[in-house]
Structures are given as C-alpha cells and as structure tokens.
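> this is a predicted model, with the sequence first.
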Amino acid sequence: MIRHLRTIVDLSRAEIEALLELARLIKRLGLPESYARVTRGKTLGMLFQKPSTRTRVSFEVGMVQLGGSAIFLTEDSLQLKRGETIADTAAVLSRYLDLIVLRTRDHGFLVTFAEHASIPVINGLTDQYHPCQILSDLLTIQEKFGGLRGIKLTYLGDGNNIAHSWLLGAAQLGLRLTVASPAGYEPEASIVAQALELARETKAQIEITHDPIAAVQDADILYTDVWVSMGMEETRQGGCSAFHPYQINGALLARTGKPTKVMHCLPAHRGEEITDDVLDSSASIVFDQAENRLHLQKALVTQMLVWAAERA
Ligand code: CP
Ligand code: NVA
C-alpha cells in the first residue's frame, strides 16, 4: 500500500522518532549519499488552494537541496477549475510526479485525492490538520529541551488544524498536552475522542480546558496560533473577543512559574493571539520553528520516496 501523510497518525511512534533522527542528521551533515540516490531527479508537485509562505518555500527549497525539483500548482491553473474530478486529477498527476503536497480548504479533498493517487500524498495543511507543522515543531522541541519526554506544552486559542494535529501528535507519542480554548472554539469532539483513545495506549497526558490561567501553570512551552484561520474570515468576524484571555502576553507568560519557551506556527497576528514583546523576546523560538520546517520536510520527502521505492 502506498504511504501517505494525511494526518500525523499515518506515522507510528517509531516512524516519527526515526524521522526526527533523519531530520537531525540532514540538518547537521546534509543528506547521506545512500538517500541522495533515492531523491535525486525526483519531482514534487505542490497543489495549493490557500496562501503559504513557509510551507511552499521550505518544500521548494528542500527539493532543490535534495537534488530534485518542485512544481507549484494552483487550482485555478488546472482543469480542476473546469470540473475535472479530484480522482482523475490524482490519477493523471501520479503519472508525472513522484510525490505531491496538498494544501486544501477541505480535508475531504485531500483524502479523496490520496485514494486515487499512486504516489505519496503529503498534507501541507487542510482545514482540519497540519501534520508537517507539528512534526517540525517536535524537532524544535527536541533541540531546545534535549528530548520530548515530560515536557508540558500548553496550546492556547482556537481549536483549529494546529490544535488538532497537536492532539493527535501528543497522543501518538505519549506527550503532555493541555489545550485551552474559549467556549465554542474547542477542538472538534471527534478528534479529541480519537486523541484520548490513543492516549490510553501511549500514556499521553491530554487535558482540554477553558481556563487559560490554570492551563499555563508549570508549562515548559506556550504555543498559539491565529484566532481566524485561512478560510474562516467571513464566519469569524466580530467573534474574537472571547479569545483575549488566551493571548500570550507578558502577564500570562509570567504565570507559568518557570522559564518557558513560546512557540507559534506563524504567520502571527501581532497584538492579537501574541504580543510583540513576547514574540520578539528571548523566550520565543518561532523562527527556529520556521527553519525546522525545511529540515524536517527534507527528511519526510526522503522517507516517503524510500517507502515508494521499496514498494516498486
Ligand atoms: N506555518 C505555516 O504553515 O505557514 P505558511 O502558511 O506560511 O505555509
Ligand atoms: N490555523 C492557521 C495555520 C496557518 C499555518 C490557518 O489554517 O490559517
């Protein structure tokens, strides 16, 4: 069966740990020749329905550094716009490309595409998930804390794609995660249930709360994201006042009671979910996070090409 990355649980805990190790190796020493033989000359397609700075550029640069190339595709420039089906598009693109990253409005689009693709499909963000972000963040946490075990991460704000991928990632790896969101903006109940079910096996400690002050107690990491995600601009208008108590500012950061790092997937809306003084402080590791997208995704592309080659 062809391997895809639709959500983070498409990878086992051991596979995630191996991926992080490969990313560390690639970051330190570059790609070993044994892997370069697999990545050289390969073409990554990138079909994006939403804007992107980090995901687009890190995948494109990463492919060049792996000895391959990337083709950026927008929905409007393809026959999808004129009604060609997702299934036919996936089948045709699979004949030209070696793997593909999708950024879609609807997660169902990506799932359908993957069903009909004969090449690996990587989720580069959907309305529900953003696994590449969380995998890269795990690399950043390992670097800053020397490991993942016992670290308490508190996510504050919207129960969105980032929160969902954190829930599944923490559950899969047996980590400590607290998600604090305003009432009405919690992560989706079915995804919380999936994470709690997984956590029973992995001994992950997952907590969902409405209380930002209690949530940040003893946190090693405070993590946030925009209050209005891409595609929600219309429906969220005027709905942001509920989020103010969840803003990462100096006062909330001081409530952790310990030296705490601050993370944000970016782009940030400065002055909303996070204040300038915190984002630009020495506690902030957001630009290291952004850089690690490149290293982790190079490892991911390499691993997916290795799996595809083993299958062929
Ligand atoms: N964090 C992230 O995915 O950023 P972009 O939307 O710029 O790709
Ligand atoms: N939740 C944000 C993440 C951007 C990387 C969004 O979907 O817009």
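Nice, thanks for sending it over. Residues are numbered from 1 along each chain as shown. Ligands and ions are numbered 1, 2, ... in the order given.

> name the element residue 207 belongs to?
Assigned by DSSP states H and E, residue 207 belongs to strand 205-209.

> can you give the distance from that strand to the centre of its chain?
Distance, stretch centre to chain centre, for strand 205-209: 19 Å (Cα atoms, centre = their mean, to the nearest Å).

> and for stretch 140-148?
17 Å.

> next, the buried residues of it.
Along stretch 140-148, these residues count as buried under the neighbour rule (16 or more other Cβ atoms under 10 Å): 140-143, 148. C-beta coordinates here come from the backbone N, C-alpha and C atoms, glycine included.

> closest to ligand 1 out of those?
Ligand 1 lies nearest to residue 140 out of the buried residues of stretch 140-148, by Cβ to the nearest ligand atom, at 12.3 Å.

> now the helix or strand containing the closest one, how far from the centre of its chain.
Using DSSP H and E, residue 140 sits in helix 131-145. Remark: helix 131-145 is offset 9 Å from the chain centroid, using Cα atoms, centre = their mean.

> again, but for stretch 8-21
On the basis of Cα atoms, centre = their mean, stretch 8-21 sits 13 Å off its chain's mean C-alpha point.

> with stretch 210-224 instead?
20 Å.

> quick check: buried residues in it?
Within stretch 210-224, the residues scored as buried using 16+ other Cβ under 10 Å are 210, 212, 215-216, 219-224.

> what lies in contact with the helix or strand encompassing residue 253?
If you go by DSSP H and E, residue 253 is part of helix 250-254. Around helix 250-254, the neighbours that count as contacts under Cβ atoms under 8 Å, 6 or more residues apart in numbering are 156, 212-213, 216, 222, 260, 262, 275, 277-278, 283.

> pLDDT score assigned to the residue lying farthest from the centre of the chain?
When distances to the mean C-alpha position of the chain are computed (Cα atoms, centre = their mean), the maximum falls on residue 82, with 30.4 Å. For residue 82, the pLDDT comes out at 96.

> list the buried residues of the one helix or strand residue 34 maps to.
Using DSSP H and E, residue 34 falls within helix 33-39. For helix 33-39, a neighbour-count test (16+ other Cβ under 10 Å) marks 35, 38-39 as buried.

> farthest pair within the contacts of helix 250-254?
Farthest pair in those (Cβ to Cβ) is 213 and 277. Separation: 19.2 Å.

> spell out which residues of the stretch 51-200 of the chain are next to ligand 1.
Within the stretch 51-200 of the chain, the residues that sit near ligand 1 (Cβ under 6 Å from any ligand atom) are 52-55, 125, 133.

> next step: the buried residues of stretch 210-224 restricted to strands.
Members of the buried residues of stretch 210-224 lying in strands (criterion: DSSP state E): 221-224.

> now the longest helix anywhere in the chain: average pLDDT?
For the chain, the longest helix by residue count, based on DSSP state H, is helix 286-311. Summarised as a single mean, pLDDT over helix 286-311 is 97.

> that one near ligand 2 at all?
No - Helix 286-311 lies out of reach of ligand 2 by Cβ under 6 Å from any ligand atom, never closer than 10.2 Å.

> just checking, what packs against that helix?
Counting by 3 or more Cβ pairs under 8 Å, 6 or more residues apart in numbering; DSSP states H and E, the packing neighbours recorded for helix 286-311 are helix 13-29, helix 33-39, helix 54-65, strand 99-103, strand 121-123, helix 131-145, strand 261-264.

> recalculate using a threshold of 6 Å.
Secondary-structure packing of helix 286-311 (3 or more Cβ pairs under 6 Å, 6 or more residues apart in numbering; DSSP states H and E): helix 13-29, helix 33-39, helix 54-65, helix 131-145.

> neighbouring contacts of the second one?
Counting by Cβ atoms under 6 Å, 6 or more residues apart in numbering, the neighbours of helix 33-39 from elsewhere in the structure are 66-68, 302, 305-306, 309.

> any of those residues buried? List them.
Using 16+ other Cβ under 10 Å, the buried ones in the contacts of helix 33-39 are 66, 68, 302, 305-306.

> tell me the two of those that are most distant?
68 and 306 (13.5 Å).

> up against ligand 2, what does the stretch 201-312 of the chain have?
Residues of the stretch 201-312 of the chain lying near ligand 2 (Cβ under 6 Å from any ligand atom): 225-226, 229-230, 265.

> so which pair among these is furthest apart in space?
230 and 265 (12.0 Å).

> which regions of the stretch 201-312 of the chain lie under the pLDDT threshold?
Where the stretch 201-312 of the chain drops to pLDDT under 70, the residues are 237-239.

> rerun at 90
233-240, 311-312 (pLDDT under 90).

> what number of residues lie near the closest residue in space to residue 55 that isn't next to it in sequence?
Residue nearest to residue 55 in three dimensions, not counting chain neighbours: residue 124, with 4.8 Å by Cβ to Cβ, 6 or more residues apart in numbering. As a burial measure, residue 124 scores 27 neighbours (other Cβ atoms under 10 Å).
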